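**Q** Need a 3D model of the following:
(2 chains)
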Number of protein chains: 2
Amino acid sequence: MSGVVVPIEGGNRSARSSVEPLFNLVSADLEQVNRLVLEKCGSQVEMIPEVARHLIDSGGKRLRPMLTLAAARMCGYKNGENHVLLAASVEFMHTATLLHDDVVDESDMRRGKLAARMLWGNQASVLVGDFLLGQAFRMMVDAGSLAALDVLSHAATVIAEGEVLQLSTAKNLDTNEDEYLAVIRAKTAALFAAAAEVGPIIANAPRSTVSAFRSYGANLGLAFQLIDDALDYGGSSAALGKNVGDDFREGKVTLPVVLAYRRGTDGEREFWRSAITDGQNDDSRLLEAHALLKKYDALTDTVARARHYTEMARDALGPMKSSDHKDALVEVLEFCINRAA
Amino acid sequence: MSGVVVPIEGGNRSARSSVEPLFNLVSADLEQVNRLVLEKCGSQVEMIPEVARHLIDSGGKRLRPMLTLAAARMCGYKNGENHVLLAASVEFMHTATLLHDDVVDESDMRRGKLAARMLWGNQASVLVGDFLLGQAFRMMVDAGSLAALDVLSHAATVIAEGEVLQLSTAKNLDTNEDEYLAVIRAKTAALFAAAAEVGPIIANAPRSTVSAFRSYGANLGLAFQLIDDALDYGGSSAALGKNVGDDFREGKVTLPVVLAYRRGTDGEREFWRSAITDGQNDDSRLLEAHALLKKYDALTDTVARARHYTEMARDALGPMKSSDHKDALVEVLEFCINRAA
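**A** Residues are numbered from 1 along each chain as shown, chains lettered A, B, ... in the order given. Predicted coordinates for the structure are as follows:
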């Protein structure tokens, strides 16, 4: 089962190693999560497990459910399986989002495989996503914590809001950094925050601990998304390679583009408009985009912005008692940044 | 009238000079603001102008109204006095907040003078604050822009919410950085954001310009407050001197304390509890606090955090056409950081 943790594209060797302590600490719990995830994909409607497992077996990192498991254990959660139920819920919420995202973005590929919608169609992708979201809520109910249900159901709403908000920023080069942050705060950071927060909640940790984990998760989520954005242009070294330029070709306005656009000349802004808004985005244009990102330090500054958030996340956990789990969660922050280094 | 712009405590020479370009550009408009402010303090109830002018004449920087004036001019506002009316509203909202703050914090001093409440009492300070807030709204109405009214009235609510939220973080060392940011986002950044945003609004600038100025103001406001927090402990050089340690003696949990507390040992956290929560805060304890702030880079990192926000503010204005006003607004960002350098 350890095969589900795969190195992320763009990661260097030290980056690869530094999520391992977390994985090793929660691996027994994570196996239970994986078993539960497979079980809850099941349905008499055959297409449902087919579509769901296509994505679930495709090498996701399980980072979000690992946060839930580690946070619960770190806060002393011992008796019961509720951390497993909530971690599986978090993974289903994430999977549902991906299925819906691919429909919204009209993506062909996901994690190096054909997107589910290319094999089973948009309708199946939307509806199986809904099924997984329903299953996620059922597992939350099984876990029996109204406080955790409150946090995760709130996150579900915020994520959907974030996706809708993203429609308004799509191909819109007027988007500024605060507006972009509002999108990823909702779209990505909300689930990281909720995943980390429900751990201390079911462990009956004090309010300040719950809040610290929430802050850790939210800031890790922001950094994670910003690093993803930088990686999509080859990371801070701007190395061209496979999987580079997807956001560019899809006309996504991510932070590297926001920075290069806002720092550029009028002529350079004209280039971005033709590329992002008007879709003139062939490989020669991608090269030109790369040159502009480099000229304006847009990738290195995206990584620097991400580091601001990982530092906030690290300080959030500061007062927590020393433990292997704490060390592993702090190491995830380095892992996150190193991916783009 | 230029006497109202005084160098801020803790500023070094380069810091002193760099708000001047902004002042010089708006000085004619600012004189009108000052005249209007004095006029609108007037009342048949004699105590009102006495209390109000005590604070208004005490050497405030007029930074917030200058943002409104510069933003309006930069966006091409030409005919009319509405920028002056809104700038004066912004200054009154700020003044009202200060009067109320001193009552809530039981402060003795404000800008090197006795606080109004020490001379006229708490009741007068609260009520004159309310009067100024009322006058602020009347001037907004006179300016006749419903969109500007919407922005400023929303800010008034958010500021009050922030002050109430602050009550819950007062002397509470469990406050984490995200929670502290929520307070200063409301308490300080909201008015900076609104002050900057109403300029382009009355100039009928496009939505993206309005949003860019809002982002500039909000991020400048965050940085401004963080630098104030660092200055209260002597800035990043942690130089002890006059006006140092007020926050410490009042048991305020500001970012330097949040960072030092979260990064410290259990024993050091005990020190902070005795100092901040239990009020053991004589000068020998202030020295100890200083040593801990230094040990954990809490002041330099507070300044680094502030710089993150000034960089966001700078990028927000990026696409605006080059102009003296733009240069001056960007220079204010450096001024802000340099104060604590």
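
**Q** Next to chain B, which bits of the stretch 201-341 of chain A? Give me the list.
**A** Neighbours of chain B within the stretch 201-341 of chain A, by Cβ under 8 Å from any Cβ of the partner chain: A:207-208, A:211-212, A:214-215, A:218-219, A:258-259, A:261-264, A:269, A:301, A:305, A:308, A:311-312, A:315-316, A:318-319. Yep, even glycine has a C-beta here, placed from its N, CA and C like the rest.

**Q** which of the residues you listed count as buried?
**A** Neighbour counting by 16 or more other Cβ atoms under 10 Å in any protein chain shown classes A:208, A:211-212, A:214-215, A:218-219, A:258-259, A:261-264, A:269, A:301, A:305, A:308, A:311-312, A:315-316, A:318-319 among those as buried.

**Q** Take those and keep only those in helices.
**A** A:208, A:211-212, A:214-215, A:218-219, A:258-259, A:261-263, A:269, A:301, A:305, A:308, A:311-312, A:315-316 (DSSP state H).

**Q** low pLDDT regions in the stretch 1-150 of chain A?
**A** The stretch 1-150 of chain A contains residues with pLDDT under 70 at A:1-17.

**Q** do that again at 90, thanks
**A** Applying pLDDT under 90 to the stretch 1-150 of chain A flags the ranges A:1-18, A:57-61, A:79, A:105, A:107-112.

**Q** Strands along that one, start to end?
**A** Counting by DSSP state E, counting those that start in this stretch, one finds strands in the stretch 1-150 of chain A at the ranges A:109-110, A:113-114.

**Q** what's the first one packed up against?
**A** What it means is strand A:109-110. Applying 3 or more Cβ pairs under 8 Å, 6 or more residues apart in numbering or on different chains; DSSP states H and E, one finds that strand A:109-110 contacts no other helix or strand.

**Q** outside of it, which residues touch it?
**A** Identification of contacts with strand A:109-110 by Cβ atoms under 8 Å, 6 or more residues apart in numbering or on different chains yields A:55, A:58, A:98, A:102, A:115-116.

**Q** now those residues as a markdown table including neighbour count?
**A** As requested, the contacts of strand A:109-110 are exported to a markdown table (neighbours: other Cβ atoms under 10 Å in any protein chain shown):
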| residue | neighbour count |
| --- | --- |
| A:Leu55 | 25 |
| A:Ser58 | 17 |
| A:Leu98 | 20 |
| A:Asp102 | 22 |
| A:Ala115 | 24 |
| A:Ala116 | 26 |
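
**Q** Report the two of these separated the most.
**A** Using Cβ to Cβ, the pair of those lying farthest apart is A:Ser58 and A:Asp102, separated by 11.9 Å.

**Q** Now the residue nearest in space to the middle of chain A. Nearest residue, chain neighbours left out?
**A** Centroid check for chain A by Cα atoms, centre = their mean gives A:Thr188 as the closest residue, at 5.3 Å. Leaving out its chain neighbours, the residue that sits closest to A:Thr188 by Cβ to Cβ, 6 or more residues apart in numbering or on different chains is A:Gln225, at 4.2 Å.

**Q** Also A:Lys113?
**A** A:Ser58 (5.4 Å).

**Q** A:His100 versus the one you found, what's the distance?
**A** Distance of A:Ser58 to A:His100, given as Cβ to Cβ, to the nearest Å: 16 Å.

**Q** so how far is B:Glu288 from A:Leu181?
**A** Following Cβ to Cβ, the distance that separates A:Leu181 from B:Glu288 is 38 Å.

**Q** got it, and A:Val128?
**A** For A:Val128, the distance to B:Glu288 - Cβ to Cβ - is 60 Å.

**Q** again, but for A:Asn243
**A** From A:Asn243 across to B:Glu288, the span is 53 Å (Cβ to Cβ).

**Q** repeat for A:Ala190
**A** 40 Å.

**Q** Comparing these two, which residue is more hemmed in?
**A** A:Ala190 (26 against 14; other Cβ atoms under 10 Å in any protein chain shown).

**Q** Let me know the helix or strand that that one is in.
**A** Using DSSP states H and E, A:Ala190 maps to helix A:190-202.

**Q** Quick one: mean pLDDT for that helix?
**A** If you average the pLDDT over helix A:190-202, you get 98.

**Q** Determine the set of other helices and strands touching it.
**A** helix A:63-74, helix A:82-105, helix A:146-169, helix A:207-231.

**Q** so of the ones you listed, which one's packed in deepest?
**A** Among the helices and strands packed on helix A:190-202, helix A:63-74 has the highest mean neighbour count (mean count of other Cβ atoms under 10 Å in any protein chain shown), at a mean of 28.

**Q** which residues sit against that one?
**A** Applying Cβ under 8 Å, 6+ apart, the external contacts of helix A:63-74 come out as A:19, A:22-23, A:25-26, A:29-30, A:33, A:82-84, A:86-88, A:90-91, A:94, A:191-192, A:195-200, A:202-203, A:213, A:217, A:220, A:224, A:320, A:323, A:325-326, A:328-329, A:332.

**Q** what angle do it and helix A:82-105 make?
**A** Using axes from the mean of the first three to the mean of the last three Cα atoms, to 10 degrees, the direction of helix A:63-74 lies 160 degrees away from that of helix A:82-105.

**Q** which residue does the stretch 51-200 of chain A bring closest to chain B?
**A** At 3.5 Å from chain B, A:Asp174 is the closest residue in the stretch 51-200 of chain A, using Cβ to the nearest Cβ.

**Q** ok, back up a step: quick check: which of the helices and strands packed on helix A:190-202 is nearest to B:Ala143?
**A** Taking the helices and strands packed on helix A:190-202 one by one with Cβ to Cβ, helix A:146-169 is closest: 29.1 Å.

**Q** contacts for that closest one?
**A** By Cβ under 8 Å, 6+ apart, the residues outside helix A:146-169 that reach it are A:82, A:86, A:89-90, A:93, A:97, A:100-101, A:104, A:133, A:136-137, A:140-141, A:143, A:175, A:179-180, A:182-188, A:190-191, A:193-194, A:197-198, A:201-202, A:253.

**Q** Just to check, A:Ala170 is in contact with A:Val253?
**A** Yes. Using Cβ atoms under 8 Å, A:Ala170 makes contact with A:Val253 at a distance of 7.1 Å.

**Q** the more surrounded of those two?
**A** Neighbour tally, A:Ala170 and A:Val253, criterion other Cβ under 10 Å: the higher count belongs to A:Val253, 24 against 16.
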